[in-house]
Every structure is written in structure tokens, then in C-alpha cells.
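**Student:** Coordinates only, no sequence provided:
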């Protein structure tokens, strides 16, 4: 059996930003990115929303992955991701209603975006994270 090699956290971060960034490399998810990036405010808002969802869901998924049975892993992960998207959507509606109207349906579409689910699953399966 092969031993897993542990990569430094800096390499893991840059791998997600550059080498494995789906928007830059394989162009999946480009439709939502193009639709939301008509101006800098919309692009920054969508980027911030996506970043919050990714960081929050990856942390929670990494913490619960060992106690989640394989049979229900994907539904649990989708529920976690959709919870963070709902938080972002409600926060945008409350604090930046113009941005929320501008982004429209693209914020809730983060839930069904396979890139988010795939990255969360990949992160959770590669990272050994234990609760503090």
C-alpha cells in the first residue's frame, strides 16, 4: 500500500487557487461567473459569497466527515453547503439589497453547482481535520 504524502498548507491553498481552479483551468461554472461579472461590484460580491460558502462548508464537512455514513454522505454535504448559501443569501438581502437583486438567482445556484460539492468532498477526503 502506498503511503499518503502530506502537502504543506501553502501548497494546498495555491493548488486550489491556480492549478485546480475550475474557472481558470477547465472552464466549468463559467456561465455564472460571466453573468455576475458585468461590473466589479457584482464580481466581488459573488466572489465573496462563493469564498464564504467554500470556507464554511469545507470546515464543517471536514469536521463531520468521519461520523457521516457513506450512504448519506452526499446529501449531508449538500445540506451543509445549502445552509451556508442560505446564510449568504439572507445576509445579502438584509445588508446589500442592491447586490442581492443584481446577483439574483446566481447566489442560490451555488448549491447545485457541482464544483462546490466536488471541491468540498475532495477537501474532506484529503484533509485529516479533528475538532479542537
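**Tutor:** Arrived safely, thanks for sending. In this text the structure is predicted, and so the values were computed from the model without any measurement. Numbering: from 1, shown residues only.
**Student:** So what's the residue count around residue 46?
**Tutor:** Residue 46 has 21 neighbouring residues, counting by other CB atoms under 10 Å. Where C-beta positions appear, they are placed from N, C-alpha and C, glycine not excepted.
**Student:** To clarify, my last question referred to residue 68.
**Tutor:** Residue 68: 16 surrounding residues under other CB under 10 Å.
**Student:** Name the SS class of it, please.
**Tutor:** Using DSSP: H, G, I helix; E, B strand; the rest coil, the secondary structure recorded for residue 68 is coil.
**Student:** If we ignore the residues flanking it in sequence, what's nearest it?
**Tutor:** Among residues not flanking residue 68 along the chain, residue 76 sits closest, at 5.1 Å (CB to CB, 6 or more residues apart in numbering).
**Student:** what separates that neighbour from residue 101, distance-wise?
**Tutor:** 32 Å (CB to CB, to the nearest Å).
**Student:** now residue 74
**Tutor:** 32 Å.
**Student:** element containing the residue nearest to residue 68, please.
**Tutor:** Assigned by DSSP states H and E, residue 76 belongs to helix 73-95.
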